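Trainee: okay, predicted coordinates and the sequence, questions at the end:
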Amino acid sequence: MADRPPLPPFTRETAIQKVRLAEDAWNTRDPEKVALAYTTDTRWRNRAEFANGRAEVVALLRRKWTVELDYRLIKELWAFGDNRIAVRFAYECHDDAGNWTRNYGNENWEFDEHGLMRTRHASINTLPIPASARKLHWPPGPRPTTHPYLTSLAL
């Protein structure tokens, strides 16, 4: 099995790096690419949905990004220790009728010795917003390094 650096135990610097790598991957909206960061037997709780293993993660992400259009995500380190990281995040997207939402949440991650995430618990709240209230503006793909973080955006 290939390592997926940075590896635990995490320092502040490597935890921040791991969070940004996850954010960049999720902003590709490529379920197969995202799933490679997880163990083959990963366990997820995403809102009220559960996924066990990469195949279920890929299926969950395909469903998610079929309805969450123009998805933009920012993740920010909240806490870390040994092989665990906690993040807070916000993402914006719209449905096929053009209704925008901002989704706020927290995730708790646990990694194996190869740097693959074996457990992900996500709690997410959804707030309808008008398109004019959007704060996450950049072309599809990873967030530019010049775009503000959540704290800077007061999110």
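Mentor: Cool, the structure landed.
Trainee: tell me where the chain has strands.
Mentor: 38-46, 49-52, 69-81, 84-94, 100-111, 117-129 (DSSP state E).
Trainee: which of these sits most buried?
Mentor: Across those, the average number of neighbours (mean count of other Cβ atoms under 10 Å) peaks for strand 84-94, which reaches a mean of 20. Where you see a C-beta, it was placed from the backbone N, CA and C, and this is true even at glycine.
Trainee: that one packs against which elements?
Mentor: helix 12-26, strand 69-81, strand 100-111 (3 or more Cβ pairs under 8 Å, 6 or more residues apart in numbering; DSSP states H and E).
Trainee: go again using 10 Å as the cut-off
Mentor: In this structure, strand 84-94 makes packing contacts with helix 12-26, helix 54-67, strand 69-81, strand 100-111, strand 117-129, judged by 3 or more Cβ pairs under 10 Å, 6 or more residues apart in numbering; DSSP states H and E.
Trainee: now these in CSV, with mean pLDDT and distance to residue 46?
Mentor: Putting the helices and strands packed on strand 84-94 into CSV (pLDDT from 0 to 100; distance: least, Cβ to Cβ, whole Å) gives the following:
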stretch, mean pLDDT, distance to residue 46
helix 12-26, 98, 12
helix 54-67, 98, 6
strand 69-81, 98, 13
strand 100-111, 98, 9
strand 117-129, 98, 5
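Trainee: nearest to residue 148, out of these?
Mentor: Closest approach to residue 148 among those (Cβ to Cβ): strand 69-81, 8.4 Å.
Trainee: so the closest one versus helix 12-26, what angle?
Mentor: 160 degrees (axes from the mean of the first three to the mean of the last three Cα atoms, to 10 degrees).
Trainee: what pairs with strand 69-81, and is each one parallel or antiparallel?
Mentor: Applying DSSP bridges to the sheet, strand 69-81 is found paired with strand 84-94 (antiparallel).
Trainee: pLDDT averaged over the strand it pairs with - what is it?
Mentor: For strand 84-94, the mean per-residue pLDDT is 98.
Trainee: just the CA trace of that strand, in PDB.
Mentor: What follows is strand 84-94, C-alpha atoms only, in PDB (Å, rounded to 0.1, in the frame of the first residue of the first chain):
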ATOM      1  CA  ARG A  84      -6.800  12.700  14.100                       C
ATOM      2  CA  ILE A  85      -7.800  16.000  12.500                       C
ATOM      3  CA  ALA A  86     -11.000  18.100  13.100                       C
ATOM      4  CA  VAL A  87     -12.000  20.600  10.500                       C
ATOM      5  CA  ARG A  88     -14.700  23.100  10.000                       C
ATOM      6  CA  PHE A  89     -15.900  23.900   6.500                       C
ATOM      7  CA  ALA A  90     -18.400  25.800   4.400                       C
ATOM      8  CA  TYR A  91     -19.500  25.100   0.900                       C
ATOM      9  CA  GLU A  92     -21.800  26.800  -1.500                       C
ATOM     10  CA  CYS A  93     -23.800  25.200  -4.400                       C
ATOM     11  CA  HIS A  94     -27.100  25.400  -6.100                       C
END
